[in-house]
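A.B. asks: Next one to model:
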Amino acid sequence: MQKRSAKLDKAGTHALCVRLMALVLSVAFSVIASSCANLSGWVADWTDGRSGTPDKIPFVANSNMIRLITSCLSDSGQIETVYHSFPEKQLDGLSLAEFSEYVGILSRLGEGKGRLSSFRVFDESEILAIRETLTERLPNQEELIEQSVPVQLTYESETGGDSSIVYVQENEDGSLYLDADWVRQCIELYRFSKLYYTAVQNQNTDAVYSMLQNSYHDRDYSFSNETIRLKARELSRFYLLRVKAEFEQYQMTVADISSIVFDQKGVLDDELLNYESRSVTIRRDPSGSIVVNDVLTDTLKVRDLYLYAGDNRTIRIGDYSNNAYFESLFGQPLLTTVSRSGDGEAVDDPAEPKFDLIVDYPSARIYLHGSIDSIGAWEGIVTRIHIKSGDSDFSIGKVIRVGMTLDDFMKIYPFADETDFVLSVKNDEQSYRLKIRLAVGNGDKVSGIILEAE
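C.D. replies: This next block holds a predicted model:
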């Protein structure tokens, strides 16, 4: 088959615009209504009543080809009839089984949206934008993407901005066809998705682990196999306790060669009181590997709001303290830096100006906001704790310390990487945040810890 070149020349682009406008005008009305039952009659009309061997079936016109394919999305009983209405060249060697499976995948885009009411081919600027987005994700698939024409589906019950997109491909002569490579890549992603969801729902952590392995190879840091197994166990546990819907009930919102996206509804929130939605993406990376973006987030534990010195719990972020208490806990600081606060409080109450204080110890720096008297004694609220080296026994929550390996940290917060190693919690109407810095390479270790009130 002669396929369209990856880059359109100026004349080709103009011709495409003309063809697409004609196509838009021919299909911008309702489709796939009760007349689907008469599809055999439509096929006969569109092929002039001719039949015969596949290589003698005439090409189906562009608008009619899209109409035939979309008709199957609402009525699977028409799939075989539609398949046999196309010449082999328009199916690019796809078998009936492959065509049927692909149409079944696309039909999930409309589940829960009511009747498919219309379709349209995007205009030229929209097409270029969609292709550019896909090419950024999969640069090695540029030629196939440049041949692909996105078609927007509109359903009766969908909300604004919630339309679905399916794709057909275009030859150099402007005729449309289904590219076998495109279809098979979409099928591969969907089959992987089904296997993944079956594994997590059945608590098959070995299978989940094997499917997650490719999801972490493009990071600046590295995880051990045990960390990935831990993630697999925690994901399986999450599905057991929180996800009530089955795979067949997920709303599929995107299906193309770069990704398949599912909207999971009926997911219990952290308090196990209300249901919410979450999105999961099964995508293909530029190397061709299939990776899972099933993002869970860790909440900062209340125990990790405290600074420990050895086994002793000392100050809590957000608490009030003073220099005498600091000295009793940590000894004399190396340096205490005091500066007038710039938050406007000094202007509001000049009699009691506020100060920002930094108290330095050899391996930690503690920030406060408060006041200082005439002899240099200070008191204030602890706003930030920065552990900058592992030379002492300072730690957060007794176990989080500079110098620990990334894998050891992940045992505490197995999904910290999903939020770039920034963890948050809201406690007593105050928000707190923990940031972890990494020394990448040679085991990937924690090189700095910052705990702060937001």
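A.B. asks: wouldn't Asp391 be in contact with Tyr361 here?
C.D. replies: No. At 10.2 Å, Asp391 does not count as touching Tyr361 under the criterion of CB atoms under 8 Å. C-beta: built from backbone N, CA, C; applies to glycine.
A.B. asks: Show me what Arg431 is bridged to.
C.D. replies: Let me fix one detail, which is that residue 431 is Ser and not Arg. With DSSP bridges applied, the residues forming beta bridges to Ser431 are Lys426.
A.B. asks: who touches it in this structure?
C.D. replies: Applying CB atoms under 8 Å, 6 or more residues apart in numbering to Ser431 gives the contacts Ser424, Val425, Ala453, Glu454.
A.B. asks: which non-adjacent residue is nearest Asp270?
C.D. replies: Once its chain neighbours are removed from consideration, Asp270 has its nearest residue in Thr299; the separation is 6.8 Å (CB to CB, 6 or more residues apart in numbering).
A.B. asks: what about the strands in the stretch 251-400 of the chain?
C.D. replies: Read by DSSP state E, counting those that start in this stretch, the stretch 251-400 of the chain holds these strands, from start to end of the chain: 251-255, 259-268, 275-284, 290-293, 306-309, 312-316, 320-322, 335-340, 355-361, 364-372, 378-387, 394-396.
A.B. asks: and the last one, what does it pack onto?
C.D. replies: The one in question is strand 394-396. Based on contacts counted as 3 or more CB pairs under 8 Å, 6 or more residues apart in numbering; DSSP states H and E, the elements that strand 394-396 packs against are strand 306-309, strand 378-387.
A.B. asks: Can you point out the buried residues in the host helix or strand of Ile228?
C.D. replies: Under the criterion DSSP states H and E, the helix or strand holding Ile228 is helix 225-242. Of the residues in helix 225-242, those scored as buried under the neighbour-count criterion (16 or more other CB atoms under 10 Å) are Thr227, Ile228, Arg229, Leu230, Lys231, Ala232, Leu235, Ser236, Phe238, Tyr239, Arg242.
A.B. asks: how about these, which pair is most distant?
C.D. replies: Thr227 and Arg242 (21.6 Å; CB to CB).
A.B. asks: From Glu143, how far off is Arg131?
C.D. replies: For Arg131, the distance to Glu143 under the criterion CB to CB, to the nearest Å works out to 11 Å.
A.B. asks: quick one: the top helix by length along the chain to chain centroid distance?
C.D. replies: The longest helix of the chain (DSSP state H) is helix 180-201. Here the centre of helix 180-201 is set off from its chain's centre by 16 Å, with CA atoms, centre = their mean, to the nearest Å.
A.B. asks: quick one: that helix to strand 259-268, angle?
C.D. replies: Here helix 180-201 runs at 20 degrees with respect to strand 259-268, directions being taken by axes from the mean of the first three to the mean of the last three CA atoms, to 10 degrees.
A.B. asks: what about helix 180-201, average pLDDT?
C.D. replies: Helix 180-201 carries an average pLDDT of 97.
A.B. asks: buried residues in that helix?
C.D. replies: When neighbours are counted by 16+ other CB under 10 Å, the buried residues of helix 180-201 are found to be 180, 182-187, 189-190, 192-193, 195-197, 199-200.
A.B. asks: Residues touching that helix, excluding its own?
C.D. replies: For helix 180-201, contacts defined as CB under 8 Å, 6+ apart pick out 91-94, 98-99, 101-102, 105, 144, 148, 167, 169, 204-205, 207-208, 211, 235-236, 239, 243, 246-247, 250, 255-257, 259-260, 262, 282-284, 290, 292, 294.
A.B. asks: same check, this time on stretch 207-224
C.D. replies: 192, 195-196, 199-200, 225, 228-229, 231-232, 235-236, 285, 289-293, 406-407, 410, 417, 438, 440, 444.
A.B. asks: returning to that earlier point: correct me if wrong: the residue nearest to Asp270 contacts Ser424.
C.D. replies: Yes. If you go by CB under 8 Å, Thr299 and Ser424 touch, sitting 7.2 Å apart.
A.B. asks: Compare neighbour counts for those two and give me the winner.
C.D. replies: Neighbours of Thr299 and Ser424, each counted by other CB atoms under 10 Å, are more numerous for Ser424; the result is 15 against 12.
A.B. asks: Please name the residues that touch the closest residue to that one other than its chain neighbours.
C.D. replies: With CB to CB, 6+ apart as the measure, Arg433 is the residue that lies nearest to Ser424, at 4.9 Å, once sequence neighbours are left out. Arg433 makes contact with Leu300, Val422, Leu423, Ser424, Leu451, Glu452, Glu454, according to CB under 8 Å, 6+ apart.
A.B. asks: Poorly predicted segments of the stretch 101-250 of the chain, please.
C.D. replies: Per-residue confidence for the stretch 101-250 of the chain (pLDDT under 70) gives these ranges: 158-162.
A.B. asks: Helices along that one, start to end?
C.D. replies: 124-137, 142-146, 180-201, 205-212, 225-242 (DSSP state H, counting those that start in this stretch).
A.B. asks: how about those in CSV, adding distance to Asp319?
C.D. replies: As requested, the helices of the stretch 101-250 of the chain are arranged in CSV below (distance: least, CB to CB, whole Å):
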stretch, distance to Asp319
helix 124-137, 47
helix 142-146, 56
helix 180-201, 41
helix 205-212, 40
helix 225-242, 31
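A.B. asks: who wins for proximity to Gln78 among these?
C.D. replies: helix 180-201 (17.9 Å).
A.B. asks: what inclination does that closest one have with respect to helix 205-212?
C.D. replies: 150 degrees.
A.B. asks: Compute the inter-axis angle for helix 180-201 and strand 251-255.
C.D. replies: Inter-element angle recorded for helix 180-201 and strand 251-255: 150 degrees (by the same axes, to 10 degrees).
A.B. asks: Next, count neighbours for Lys113.
C.D. replies: 19.
A.B. asks: Give the buried residues for stretch 75-94.
C.D. replies: Of the residues in stretch 75-94, those buried under the neighbour-count criterion (16+ other CB under 10 Å) are 75, 78-79, 81-83, 85-87, 89-92, 94.
A.B. asks: And for Ile358, nearest residue in space, chain neighbours not counted?
C.D. replies: In space, not counting the residues next to it along the chain, Ile358 is nearest to Thr337; the distance is 4.3 Å by CB to CB, 6+ apart.
A.B. asks: Just give me the neighbour total for the closest residue in space to Asp263 that isn't next to it in sequence.
C.D. replies: Leaving out its chain neighbours, the residue that sits closest to Asp263 by CB to CB, 6+ apart is Gln251, at 4.3 Å. Burial measure for Gln251: 19 neighbouring residues, criterion other CB under 10 Å.
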